[in-house]
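Asker: Take a look and give me a structure for this.
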Amino acid sequence: MSLLDYALKRSASIHFWHSAEDIDTWFAKAILTRARAISIEIQKQGVSTGDCVALMLPTSVDLICGILAAWGCRASICIIPHSLGESSGKMDSLKMTHIFELIKPKLFIHDLDETSIFSELPTKKFHCREWQNLPDSENFPDKPQINDVAIIQLTSGSTAYPKGVILEHSQVDANIRAIVARLKTSQQDHTVSWLPFYHDMGLSSLLISLVGDFPLTLIQTKYFMRDASVWLRAITQQRATLTHAPAFAYALLSRQKSILKKYAIDLSSLRYASIGAEPLHSKHLDTFNAVMKPFGLLDCVLQPSYGLAESVVAVSFNSGEKPYRCLSVDIDELQKSGHVNIVDETQSNAISLVSNGLPLEGIFVSIRLENGELAKENQQGFIWISGDSLTKKYVGNVDHELFQEGWFNTGDLGFIYEHEIYISGRAKDAIIRSGVTISPAYVEFGIENFLNLKSGRVVIFSIQNFSKAREEIVVVIGLQIPKEEQSELIKKISIYIASEMGLQINRIQFVSPNQIPRTTSGKVQRNATKQLYLKQEIFES
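Answerer: The predicted model follows:
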């Protein structure tokens, strides 16, 4: 089925949470009526089969109706971070320009004013206020086919420079149906989500509720960022049974027990809370469970998962019928030889790795060595995936070498133990913070401009600090500078990165420019730089 088919059959309502006293409820019939009218209007704007409609709207009924309207014209959608339209920075302008050059939308639907820095974009624009009083329509202009492109998902969340994952209706349908089956949803379920729709996990909240036909409560992300307790307050009031979020959100609320006590939080209705989108540490999960137990959270509710946009949203989920599993592994042996040696958790060299559950129905997982050979049993390797929900390519066919004979190299390191997936590291360059995938090239470019350095003088990468149960971000800068001046410059760089890119850096190291490894063509080798750093073979200038 196409995603629009599910919407046409839907009976459950969608609620938009502003506060406990202000919840805007839209019935399924009213959403369809509005979406059909908008679909007719955007067809008049020239949108038709195979086109892409870019949407820059906050989480709202307008956004959902815009999505359905585009599908009703057999067009695909690409949701762009609304925050890009609320600022005027040079980096945001570059991001937006890159995104539009990438997806080449036929129409840009937005709620920005004319003073926006994006008012000069050449794409045809359509302000959502223009559809407030449209006449009703009996039907959508067209009906999407299962092999039509449904979504162009930007891989880098709110950061540039992303790739565009091309997802057909059939691929999205396969993945979402597999999730619904694993979660054993019914029309008695109710999901609460604060995640933005440009995030694949955020958009999945709508898609899962469409396929499962159960109520959905949506909270604008800005409300959560102002006060994270709004998430649990909405779960309490709506008696929600399902929710999901990146690891940072659970860790944040674990530190707010005293605040939560003021709100009479009751999590006893929850039966499944998935956690993913970034590296997971058992310490954080155990802490959340312990803090939330007095608020009614049951033992099996919190469940790690593994996914990526290239497979729509999910690769594996735990069943929810038992607590998630942890393995104590010899970290020295894992890093040295890749062998998974199960040890007692009290050993000094033991680390606890979290199971991400079994692969979903229709998804196949293979662990391979760097040379492409299959890894042995209990051996770490690169995670490759295949299946009905896997994208066939990126926009522009970039990084086509990652796709081989129906398989995709995720770039993540991990292993399979008793059929369950464990993530042990990330070999690919991408960095994930607060559930957002960050392009290293984007940060490197910004620092080089800030310091007026030549290209290739900055390298950024992440490392796993298992002793502190966190991922740390390291910046290596090829700049020779007196040691007495380094502290002040590090402070300035850190402030710049935090303000311009919303990223916190754990360590900045200055080295001689010729210490940064490069290919024969002069390209920076991030992983090689990372290995030198870990081996302490790259020294401060």
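Asker: Not counting its neighbours along the chain, what's nearest H284?
Answerer: With sequence-adjacent residues excluded and distances taken as CB to CB, 6 or more residues apart in numbering, H284 is closest to A251, at 4.8 Å. (Glycine included, C-beta is placed from N, CA and C.)
Asker: The one you found contacts F288, doesn't it?
Answerer: Yes. In this structure, A251 is within contact of F288 by CB atoms under 8 Å, at 7.2 Å.
Asker: Looking at those two, which is more packed in?
Answerer: Under the criterion of other CB atoms under 10 Å, the comparison of A251 against F288 puts F288 first, with 22 against 18.
Asker: show me what contacts that one?
Answerer: Y250, A251, L253, S254, L302 (CB atoms under 8 Å, 6 or more residues apart in numbering).
Asker: on contacts alone, who are the packing partners of the helix or strand containing the second one?
Answerer: Applying DSSP states H and E as the criterion places A251 in helix 247-254. In terms of contacts (3 or more CB pairs under 8 Å, 6 or more residues apart in numbering; DSSP states H and E), helix 247-254 is packed against helix 229-238, strand 272-276, helix 282-292.
Asker: could the ones you listed go into JSON lines alongside mean pLDDT and distance to N133?
Answerer: Compiled in JSON lines, the helices and strands packed on helix 247-254 are given as follows (pLDDT from 0 to 100; distance: least, CB to CB, whole Å):
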{"stretch": "helix 229-238", "mean pLDDT": "97", "distance to N133": "31"}
{"stretch": "strand 272-276", "mean pLDDT": "93", "distance to N133": "40"}
{"stretch": "helix 282-292", "mean pLDDT": "89", "distance to N133": "46"}
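Asker: for these, which one sits closest to L94?
Answerer: With respect to L94, and counting by CB to CB, the nearest of these is strand 272-276 at 29.2 Å.
Asker: who does the closest one pair up with?
Answerer: According to DSSP bridges, strand 272-276 forms sheet pairs with strand 242-246 (parallel), strand 302-306 (parallel).
Asker: Hmm, which of the contacts of F288 is lowest in pLDDT?
Answerer: The weakest per-residue confidence within those falls on A251 (84).
Asker: which residues does that residue contact?
Answerer: Counting by CB under 8 Å, 6+ apart, the residues that A251 touches are H284, T287, F288.
Asker: For burial, what's the neighbour tally of P141?
Answerer: Taking other CB under 10 Å as the neighbour definition, P141 ends up with a count of 20.
Asker: How many neighbouring residues does the closest residue to it other than its chain neighbours have?
Answerer: If the residues on either side of it in the chain are set aside, P141 comes closest to Q43, at 4.6 Å by CB to CB, 6+ apart. Q43 has 18 neighbours, counted by other CB under 10 Å.
Asker: Q43 falls within a helix, correct?
Answerer: Yes. When the secondary structure is assigned by DSSP: H, G, I helix; E, B strand; the rest coil, Q43 falls within a helix.
Asker: pLDDT value on it, please?
Answerer: Among the per-residue scores, Q43 holds a pLDDT of 97.
Asker: from here on, count from 824
Answerer: Let's use 824 as the start, then, which means that last one is Q866.
Asker: Quick check: it touching A893?
Answerer: No. With the criterion set as CB under 8 Å, Q866 and A893 do not qualify as a contacting pair; they are 10.1 Å apart.
Asker: if we can go back for a sec, can you list the contacts of F1111 in TSV and add distance to K1315?
Answerer: Conversion of these to TSV gives the following (distance: CB to CB, whole Å):
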residue	distance to K1315
Y1073	33
A1074	28
L1076	33
S1077	32
L1125	40
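Asker: which parts of stretch 988-1005 are buried?
Answerer: Using 16 or more other CB atoms under 10 Å as the burial criterion, the residues of stretch 988-1005 that qualify are 988-1003, 1005.
Asker: report the longest strand in the chain, please.
Answerer: Across the chain, the longest stretch assigned as strand under DSSP state E is strand 1230-1240.
Asker: Am I right that D847 sits in a strand?
Answerer: Yes. Residue state for D847 (three-state DSSP) corresponds to a strand.
Asker: any idea how far D885 is from it?
Answerer: To D885, D847 is 12 Å away according to CB to CB, to the nearest Å.
Asker: So for those two, which residue has more residues nearby?
Answerer: Legend: neighbour count by other CB under 10 Å for D847 and D885, higher for D885 (19 against 12).
Asker: Contacts only, for that one.
Answerer: Applying CB under 8 Å, 6+ apart, the residues near D885 are D934, C951, W954.
Asker: can we see that at 6 Å?
Answerer: Applying CB atoms under 6 Å, 6 or more residues apart in numbering to D885 gives the contacts C951.
Asker: Tell me the helix or strand right after the helix or strand it falls within.
Answerer: Taking DSSP H and E as the definition, one finds D885 inside helix 884-894. In the C-terminal direction, the helix or strand that comes right after helix 884-894 (DSSP H and E) is strand 899-902.
Asker: How far off centre is whatever helix or strand comes next after that following strand?
Answerer: Under the assignment DSSP H and E, the closest C-terminal helix or strand after strand 899-902 is helix 913-926. Its chain's C-alpha centre lies 19 Å from the corresponding centre of helix 913-926 when counted by CA atoms, centre = their mean, to the nearest Å.
Asker: For helix 913-926, name the packing helices and strands.
Answerer: Helices and strands touching helix 913-926, by 3 or more CB pairs under 6 Å, 6 or more residues apart in numbering; DSSP states H and E: there are none.
Asker: roughly how far apart are A898 and V870?
Answerer: Taking CB to CB as the measure, A898 falls 5 Å from V870.
Asker: Just give me the neighbour total for L880.
Answerer: Counted by other CB under 10 Å, the residues lying close to L880 total 22.
Asker: what's the next secondary structure element after the worst-scoring helix or strand of the chain on mean pLDDT?
Answerer: Least confident helix or strand, the chain: strand 1259-1261 with a mean of 64, by mean pLDDT, DSSP states H and E. Elements were assigned by DSSP H and E; along the chain past strand 1259-1261, the next helix or strand is helix 1263-1274.
Asker: Please spell out which residues along that next one are buried.
Answerer: Counting neighbours by 16+ other CB under 10 Å, the buried set in helix 1263-1274 is P1263, Y1265, V1266, E1267, F1268, G1269, I1270, E1271, L1274.
Asker: Could you give the separation of that helix from the chain centroid?
Answerer: Here helix 1263-1274 shows a centroid-to-chain-centroid distance of 22 Å under the convention CA atoms, centre = their mean.
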